[in-house]
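A.B. asks: below: sequence and its predicted model.
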Amino acid sequence: MPFRFVTKSIHAYLIDYPVAIVLLAAPFVLKLGHSGPVAMWLSVITGVAALILPILTDHQTGLIRIIPYSIHLWIDRAVGIVFLAAVFAFGFTGIDGWYYGVLGIAVLLTTSVLNAPEPSISVHGAMGARDTF
């Protein structure tokens, strides 16, 4: 049985906002940018987006709740892929390369391998019949 413990609640309360703050602060704390300005600003811009995404997501900490949680996870996965690709595409080295490489892998693991499956929701209407138009 896989070790899948990152539930929707854990993701909402313990991952979304703390990761956004890390993405905003880490470039300055770690002095990212030795490989070029993209190494610093990619994290900052992603951090701003990471603050907005959970506000718009349909989960416990969402305020507006217009983005389904499943789409939120796919956006997170895309960020993980972009972080990993950026290491090679922009030639990040040293701390820049490690930062984006480790974060990219962590995001992909958290949103895929370690993510606990959500219970399925019936595609049938309230009375058990399919909606027809």
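C.D. replies: On my side now, so go ahead.

A.B. asks: look up how far Phe28 lies from Gly80.
C.D. replies: 22 Å (C-beta to C-beta, to the nearest Å). All C-beta spots, glycine's among them, are computed from the backbone N, C-alpha and C.

A.B. asks: spatially central, which residue of the protein would that be?
C.D. replies: The centroid of the chain falls nearest to Asp76 when counting by C-alpha atoms, centre = their mean (2.8 Å).

A.B. asks: show the contacting residues for Phe90.
C.D. replies: Ser35, Gly36, Val38, Ala39 (C-beta atoms under 8 Å, 6 or more residues apart in numbering).

A.B. asks: any of those buried? List them.
C.D. replies: Neighbour counting by 16 or more other C-beta atoms under 10 Å classes Ser35, Val38, Ala39 among those as buried.

A.B. asks: hang on, isn't the first one packed against Val87?
C.D. replies: No - counting by C-beta atoms under 8 Å, Ser35 does not reach Val87; the two are 9.1 Å apart.

A.B. asks: shared neighbours of the two, which are they?
C.D. replies: Common neighbours of Ser35 and Val87 (C-beta under 8 Å, 6+ apart) are Asp96, Gly97.

A.B. asks: just the pLDDT at Phe133, thanks.
C.D. replies: At Phe133, the pLDDT value in this model is 40.

A.B. asks: also Gly128?
C.D. replies: 48.

A.B. asks: what is the burial count for Thr93?
C.D. replies: Counted by other C-beta atoms under 10 Å, the residues lying close to Thr93 total 13.

A.B. asks: gap between it and Pro68?
C.D. replies: 38 Å.

A.B. asks: which parts of stretch 33-47 are buried?
C.D. replies: Neighbour-count burial for stretch 33-47 [16+ other C-beta under 10 Å]: Gly33, Ser35, Val38, Ala39, Met40, Leu42, Ser43, Val44, Thr46, Gly47.

A.B. asks: so where's this structure shaky on pLDDT?
C.D. replies: Under the criterion pLDDT under 70, the flagged ranges of the chain are 1-2, 118-133.

A.B. asks: that concludes my questions; thank you for your assistance.
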